[in-house]
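> everything below, folded, please.
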Amino acid sequence: MIWIRKLLIASLAASFPIYVCAQRKVTFTASDHLTVTADLYRLNKNDPYIILLHRENSSRGEYRDIAPKLQKLGFNCLAVDLRYGKECNFVRNETVMQAQQKNAATSMLDCEKDIAAAIDYIVKTAVNKRCILLGSSFSASLAMKAANHHRDVTAAIAFSPGEYFGSTVSVKDWFADYDRFLFVATTQHEYPFVTDLLQNIPSSARLTRFQPSSESSVQGAPVLWNEEASSDEYWMSLMLFLNKVKEAEYQ
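Model prediction:
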């Protein structure tokens, strides 16, 4: 919709500085001694952080176009190479390469170690030590779980969460005590499945749900890429959610 695009552009241009800091590569160590690679996007050292987690077969390159926009909304970002992935936007997943060299475990669930290490990195290095987790596909489910069990995480943003971990693991059962701010975005096709996934979340939870007005074949955080038809709708809903979290948690 044209009016959404105009409002989004106006909000980004008027409310935040035009200059955006380029990313720099950083590394930190997971609990099993695996070196994790990430891109650090820092504009203002006092701004809160969003930790960005990619989908399967991907890398931190998934956020090359997304992180600068989040910076303009007043957030620093840490885009993490999880140990389950390949590459995205010509950026190879360096954590996966490290894991292969060290013969480390590389399942989707093993990525929880990488997420915990990323949170610890922010706690140890940032001025504002609390953060938000943003996950994409399988990492969206892991982001929700980590947010609910880590005192330094104020909110989770989940693009296309689901039951990605096999029949012995029930993601639905992770959220019976969920008490953080939560933004869940899905395609129209995914919406009924994710509705079932979230049914155990308490009614008191601070939950925002979003689906676009038209169907998309793209899942996960890439719905925020410029070339995606519904990206403006996703961005507008996400902006409103982030403003709400900022007012409640970072004032």
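
> how would you label Leu207: helix, strand or coil?
State at Leu207, reduced to three classes by DSSP: H, G, I helix; E, B strand; the rest coil: strand.

> from Glu233, how far out is it?
18 Å (CB to CB, to the nearest Å). C-beta: built from backbone N, CA, C; applies to glycine.

> what about the residue nearest the centre of the chain, helix or strand, and which?
With the centre of the chain defined as its mean C-alpha position, the nearest residue by CA atoms, centre = their mean is Leu134, 1.5 Å away. Here Leu134 is covered by strand 131-136, with elements defined by DSSP states H and E.

> chain center to that strand: distance?
3 Å (CA atoms, centre = their mean, to the nearest Å).

> is the closest residue to the residue nearest to the centre of the chain other than its chain neighbours in a bridge, and if so with what?
Excluding its sequence neighbours, the residue lying closest to Leu134 (CB to CB, 6 or more residues apart in numbering) is Ile157, at 4.1 Å. On DSSP bridges, the residues paired with Ile157 through beta bridges are Leu134, Phe183.

> hmm, Ala143 and Ile157 touching each other?
Yes - in terms of CB atoms under 8 Å, Ile157 counts as a neighbour of Ala143; the distance is 7.2 Å.

> between those two, which contacts overlap?
Common neighbours of Ile157 and Ala143 are listed as 133-135 (criterion: CB atoms under 8 Å, 6 or more residues apart in numbering).

> just the closest of those residues to Tyr41, please.
The shortest distance between Tyr41 and any of the shared contacts of Ile157 and Ala143, using CB to CB, involves Leu134 and amounts to 12.5 Å.

> how about that closest one, what does it touch?
Contact criterion CB under 8 Å, 6+ apart gives 50-53, 143, 156-159, 221 as the residues in contact with Leu134.

> try 6 Å this time
Residues in contact with Leu134 (CB atoms under 6 Å, 6 or more residues apart in numbering) are 50, 52, 157.

> ok, now Phe28?
Contacts here follow CB under 6 Å, 6+ apart; on that basis Phe28 touches 36, 117, 121.

> report the contact partners of the second one.
Counting by CB under 6 Å, 6+ apart, Ala117 touches 28, 30, 36.

> name the helices or strands packed onto the one helix or strand the last one maps to?
Meaning Val36. Assignment of secondary structure by DSSP H and E places Val36 within strand 35-41. Strand 35-41 is packed against strand 24-29, strand 76-80, helix 94-102, with contacts defined by 3 or more CB pairs under 6 Å, 6 or more residues apart in numbering; DSSP states H and E.

> quick check: which helices or strands does the helix or strand following it pack against?
On the C-terminal side of strand 35-41, the nearest following helix or strand under DSSP H and E is strand 49-53. For strand 49-53, the packing partners by 3+ CB pairs under 6 Å, 6+ apart come out as strand 76-80, strand 131-136.

> go again using 7 Å as the cut-off
Judged by 3 or more CB pairs under 7 Å, 6 or more residues apart in numbering; DSSP states H and E, the packing partners of strand 49-53 are strand 76-80, helix 111-125, strand 131-136.

> what about Gln219, how many neighbours?
One way to gauge burial is a neighbour count; for Gln219, by other CB atoms under 10 Å, it gives 18.

> so which strand or helix has it?
Secondary-structure element containing Gln219, defined by DSSP H and E: none, the residue being outside all helices and strands.

> quick check: it vs Leu82, distance?
Distance of Gln219 to Leu82, given as CB to CB: 16 Å.

> try Asp177
Asp177 sits at a distance of 25 Å from Leu82 (criterion: CB to CB).

> and the two? which has more neighbours close in?
Set side by side, Asp177 and Leu82 show more neighbours around Leu82, with 33 against 11, by other CB under 10 Å.

> who's in contact with the closest residue to the more buried one other than its chain neighbours?
Taking CB to CB, 6+ apart, and ignoring the residues beside it in sequence, Leu82 has Cys111 as its nearest neighbour in space, at 4.3 Å. Taking CB atoms under 7 Å, 6 or more residues apart in numbering as the criterion, Cys111 is in contact with 82-84, 139, 142.
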